[in-house]
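A.B. asks: pasting the sequence and the predicted model now:
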Amino acid sequence: MITFRVCPHGTEEGLAKWLKISEKIKQIFKQEVDFKPYKNFYEEEALISVDNKPDMYYANFDVALILLQKNYKLIGRFKGHYDKFLLVSLNNQKDFQNIAIVDKLSSYCILNKTGLYNKEVILYESFDEIINSLLNEKVDAGVIFKEYYDELGQEIKDKLKIIEEINLDASHYFLVSEEFYEKNSNDIITFIQELDLEEISQDEINKLKEYHELGKIVRNLIIQRILIESLKDINQLIISAETEEELFQRICEILVEKNRFKFVWIGKREGDFIKPVCKYGEDDGYVDNLVVSVREDLPEGRGPTGRAYRENRIIINENTLTSEYITPWKNELLKRDIYSSISIPVEKNGEVYSVINIYSTKPFIFNKEFLTLFEEIKQDVSFALNKVEKDKENILLRKAVDNSRMWLLITDSNGTIEYVNQYVIDLTGYAKEEIIGKNPRIFKSGVQDIKLYKELWDTILSGEPFSSVFVNKTKDGRLIYIDQTIYPIKLKDGTLKFISVGKDITQEKVLSEEIEKYKYYDSLTWLPNFISFKIQVSEMIINKLYKKFGLILIDIYNMSVINSSYGLETGNEILKEVAKNLKKEFPDGYVARIGSDKFAILITNIKNESVLIYKIRDALDKDLNTSKGKIHISYNASIVLYNEDGQTFEELYNNAVLTLNTAKKEGENVIKFYESQLNKKLEEYLEAEKIVEKAFDKKLFKFYFQPYFKSEDFSIAGFESLIRIVDENGTVYPPIKFIDYLENSKYITKFEEWALEEVSQKIKKFNSLNDKKDITISLNISPKGLLGYSLNLTSDEISDKSFIERLKSLSIETQNNLVIEITERNVIKDIEKSKKIFKDIKDLNPNIKISIDDFGTGYSSLTYLRDLAIDILKIDMSFVRNIARSRQDLSLVKFIIGLAKDFGLKTIAEGVETEEQVKLLSLLGADYLQGFYFSKPMPEEEAIKLIMENIQVNEKR
């Protein structure tokens, strides 16, 4: 039996290559091969010291040097092979803050070669972990093995940017043990020839030794730097920790999070045992079942923790596999891949009080070179423990202040909040961490004059206290009144602090608030008035809450005439109805009444400016219920956008007023954007509305049909129905002129009822010409029609039953030849909803086909294919267009076709325009082909003619 080991660099690339080499070894040496890949580099480092000398090893330069010291023979490397590494990130910038590496000497050599050792370095066990952290944006950049990168899927490669390729001038090497070499020298020569290995010079070996020493220096430097950062955080704990429990828990967290140790626990003596009092990290139940004694006569007392407690010194377990005194816990530690640990005693009042226990998956990480730093941790934690004890009295005093029913807040000289008591937290609704480090302006309501705050700062900076009633705002937007005095306090070291002491007088202001309400709200509709609207918009601009938002002004047309005709009471009812409809249509907007017949809306969630027109019309183009019956009103509206149309409230409002006046001059129900470019969008919207309304009124909708053909014999497989509007003069309007409006309009349900019926008739007609009756027609269904998506309604408010019921009304023959088509991006908006609807369709008739259009353009994960009852993937024409010129697009199309076949799905390649594309797609195995190479979309009569020609061709075959 030949034992064969491979560096994790190799096995992370994939095992297939090494299984083949194992088979080659078996053939050459005529012996069975024991090939066991390492899980990660830490396991390799730990096992290499105890493994019973594997016969053959494929090792990186660091391990190769260790094996040479054990009298292994270096027999060669793959010809021309040198280790190459890649510096990768999600963007192509070099100004990143941190970098992830595998904790191996080769990685440290790379850091030295590139000068990246000055970055924040984060250590990982494998390249897989680095890639996952990059994709989850936990790190900025990472160093990975190039051969590992080459084996990644294209989807991941597309996300990664290669910043730099790094050649280390080192390689991976084949080595054999001395005994194996002596017994099999002839076969080894054959092995070298079969794998085409090349010899290694002594100069290269000397260079590897230099790399080894250099890597150790950089590694120690970085680990030392990380430990020093932990020390800094622990030193901060000395100041901030108020209790022993808090101190211990934070120490565990700091050591795990900063150093990437596996887990940490701290224990205290209870009788003859040391019991854990806190832990942090991934211990998988190890600490909960741990038995540690302080007695030297018990095995459980002779481990690192017991010895550290008894001897009051740091005890290190360098390698769990070889440690003599770790026996009672060895199996459990190895189950969790723990290869080293350290136990640090902590003193209180001059005696050992507790023990900090740190565990790592990396062997030899705890060594004498870092002992001084761990001694500092011991001293710092001991000091903190004693300080916590001494601070108990101060803590009691602080708790009294914390629980006071007075407003108490302390800032530094710059106004940064350093302390608030519980009363401030309860009163404002903010969590403590949301307040500390902020400026008191976090409570600012925007109601009070800015002069008040200038007077405040002038007074307290002069050394005098300042008193006033402050109108503050809570987290949920409530106004509170604090009768407050701010005292400047200078400490002995000259540091200036400001202490704010106050009383909540909000209840005393209840009556005055009611009066104030009339100042900020409209008393008829109880919408915010102009003042409130201005404050809201101004605060949004000042605080830079949104990069883009919109202001809408609405003027009710001839409101004075309405009041004269129907009376003021009815006029008021109309204004209330308008207010209600606007709030319903813009639930996330800030709706205000800013004048007798004017409303304003602040909109932050703008995805499509044209949709705003639809929403305005949907709110106002309806009869209003009044005591005098239903009344229809006219209006004008203007829309401006921040910061395209203005960067201050005044600029935005003035431009909105100017635009509104222009709209009023053009007549009733005119809506205008400020920008000419957006006015063009409005014109396009109005033109689409006009075309669609005319099409319904005069029945101008017509389907054109584009065939798709079987790739095997180019016979017709079916047609895609493509909607057109053809007016009385024969002018054909393509979908781009009206489809966006139609899908978001009130007409969509009516249109799709017609479309389904029309397509069903064409299915019957086309198949009446064809004995096989196998011609399918696909119908594109909007997300609103199929899945219940709408601009104005939630999916819960729209029933999907109507579409299923309409399908039920079709004959079985029609259903069997119907293809329901929906784009990928609309499917993934709600996977669960899609799954349910597709299942309902298949439950009705499994022969109804479901096709995903534009496949490959809408989603980063393909797992949904496993869960959805679909039949066909339409490969987007953007991929098909360049398959003859682009290796990437060719590979992607090949992948999609292969994926479809694995899932039992058919594929349609759309956008086929050249003979070369036809040949490639047929060769790749696409089931159906569609595009201008075969046929453009055609009217019904031409489609019938094509069917008849196809039948004649088939009969001649």
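C.D. replies: Good, I have the coordinates.
A.B. asks: where do the strands sit along the stretch 201-350 of the chain?
C.D. replies: 263-270, 273-281, 315-317, 340-348 (DSSP state E, counting those that start in this stretch).
A.B. asks: mean pLDDT per helix and strand in this structure: which one sits at the bottom?
C.D. replies: helix 8-13 (a mean of 63; mean pLDDT, DSSP states H and E).
A.B. asks: in whichever helix or strand comes after that one, what counts as buried?
C.D. replies: Later in the chain than helix 8-13, the nearest helix or strand by DSSP states H and E is helix 16-29. By neighbour count on 16 or more other C-beta atoms under 10 Å, the buried set for helix 16-29 is 18, 21-22, 25, 28-29. C-betas here are computed from N, CA, C, even on glycine.
A.B. asks: now Val264. Nearest residue, chain neighbours left out?
C.D. replies: The shortest distance from Val264 to any residue other than its chain neighbours is 4.3 Å, reached at Cys252 (C-beta to C-beta, 6 or more residues apart in numbering).
A.B. asks: number of nearby residues for Lys820?
C.D. replies: Let me fix one detail, which is that residue 820 is Ile and not Lys. 22 (other C-beta atoms under 10 Å).
A.B. asks: nope, Tyr211 is what I meant
C.D. replies: Neighbour count for Tyr211, taken as other C-beta under 10 Å: 22.
A.B. asks: got the contact list for it?
C.D. replies: Residues counted as contacts of Tyr211 (C-beta atoms under 8 Å, 6 or more residues apart in numbering) are 61, 105-106, 109, 168, 170.
A.B. asks: I'd like the next helix or strand past the helix or strand hosting Leu68.
C.D. replies: Assigned by DSSP H and E, Leu68 belongs to helix 61-69. The first helix or strand that comes after helix 61-69 along the chain, using DSSP H and E, is strand 73-78.
A.B. asks: can you give the strand pairings for that following strand, parallel or anti for each?
C.D. replies: Strand 73-78 pairs in its sheet with strand 173-176 (antiparallel), strand 197-198 (antiparallel), by DSSP bridges.
A.B. asks: and which of the buried residues of helix 16-29 is nearest Glu120?
C.D. replies: Nearest to Glu120 among these, counting by C-beta to C-beta, is Trp18 at 34.6 Å.
A.B. asks: can you list the domains in this protein?
C.D. replies: Domain assignment of the chain by automatic domain parsing yields the ranges 2-81+178-200, 84-170, 239-390, 394-514, 521-674, 696-945.
A.B. asks: what's the closest of these to Leu686?
C.D. replies: Leu686 lies closest, by C-beta to C-beta, to one member of the domains of the chain: domain 521-674, at 8.3 Å.
A.B. asks: do me a favour and get the end-to-end distance for the closest one?
C.D. replies: The first and last residues of domain 521-674 sit 28 Å apart, counting by C-alpha to C-alpha, to the nearest Å.
A.B. asks: what's the average pLDDT for that domain?
C.D. replies: Regarding domain 521-674, the rounded mean pLDDT is 91.
A.B. asks: with stretch 89-98 instead?
C.D. replies: Mean pLDDT, stretch 89-98: 84.
A.B. asks: thinking Ile356 is in contact with Ser341, fair?
C.D. replies: No: here Ile356 does not reach Ser341: they are 10.8 Å apart, not a contact under C-beta atoms under 8 Å.
A.B. asks: of the two, which one has the most company?
C.D. replies: With neighbours defined as other C-beta under 10 Å, Ile356 and Ser341 compare such that Ser341 has more, 27 against 24.
A.B. asks: for the closest residue to Leu135 other than its chain neighbours, grab phi and psi.
C.D. replies: The shortest distance from Leu135 to any non-neighbouring residue, by C-beta to C-beta, 6+ apart, is to Lys159 (6.5 Å). Main-chain torsions, Lys159, degrees, to the nearest 10: phi -80, psi -20.
A.B. asks: next, the buried residues of the longest helix anywhere in the chain.
C.D. replies: Scanning the chain for the helix with the most residues, using DSSP state H, yields helix 202-240. For helix 202-240, a neighbour-count test (16+ other C-beta under 10 Å) marks 204, 208, 211-212, 215, 218-219, 222-223, 226-227, 230-231, 234, 237-238 as buried.
A.B. asks: and for Leu553, the neighbour number?
C.D. replies: Other residues close to Leu553 by other C-beta under 10 Å number 24.
A.B. asks: before we move on, what about Asn112?
C.D. replies: Around Asn112 there are 17 residues (other C-beta under 10 Å).
A.B. asks: quick one: pLDDT of it?
C.D. replies: So Asn112 comes in at 85 (pLDDT).
A.B. asks: surely it touches Leu214?
C.D. replies: Yes: under the criterion of C-beta under 8 Å, Asn112 makes contact with Leu214 at 6.0 Å.
A.B. asks: same for the helix or strand hosting Thr411, what does it pack against?
C.D. replies: Here Thr411 sits within strand 407-412, counting by DSSP H and E. Helices and strands touching strand 407-412, by 3 or more C-beta pairs under 8 Å, 6 or more residues apart in numbering; DSSP states H and E, are strand 417-420, helix 422-428, strand 496-504.
A.B. asks: how about a cut-off of 6 Å?
C.D. replies: strand 417-420, strand 496-504 (3 or more C-beta pairs under 6 Å, 6 or more residues apart in numbering; DSSP states H and E).
A.B. asks: report the buried residues of that strand.
C.D. replies: Residues 407-411 are the ones in strand 407-412 that count as buried (16+ other C-beta under 10 Å).
A.B. asks: quick check: the farthest pair among these?
C.D. replies: Most distant of the buried residues of strand 407-412, by C-beta to C-beta, are Trp407 and Thr411, 13.2 Å apart.
A.B. asks: follow-up on the earlier one: tabulate the helices and strands packed on strand 407-412 (JSON lines), appending distance to Phe41.
C.D. replies: Listed next are those as JSON lines, based on distance: least, C-beta to C-beta, whole Å:
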{"stretch": "strand 417-420", "distance to Phe41": "45"}
{"stretch": "strand 496-504", "distance to Phe41": "51"}
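A.B. asks: of the ones you listed, which approaches Lys765 most closely?
C.D. replies: It is, among the helices and strands packed on strand 407-412 and with distance given as C-beta to C-beta, strand 417-420, at 76.3 Å.
A.B. asks: then the closest one to PDB, C-alphas only?
C.D. replies: In PDB, the C-alpha atoms belonging to strand 417-420 read as follows (Å, rounded to 0.1, in the frame of the first residue of the first chain):
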ATOM      1  CA  ILE A 417     -22.600  62.700  23.600                       C
ATOM      2  CA  GLU A 418     -20.600  60.600  26.000                       C
ATOM      3  CA  TYR A 419     -23.300  59.700  28.500                       C
ATOM      4  CA  VAL A 420     -27.100  59.700  28.800                       C
END
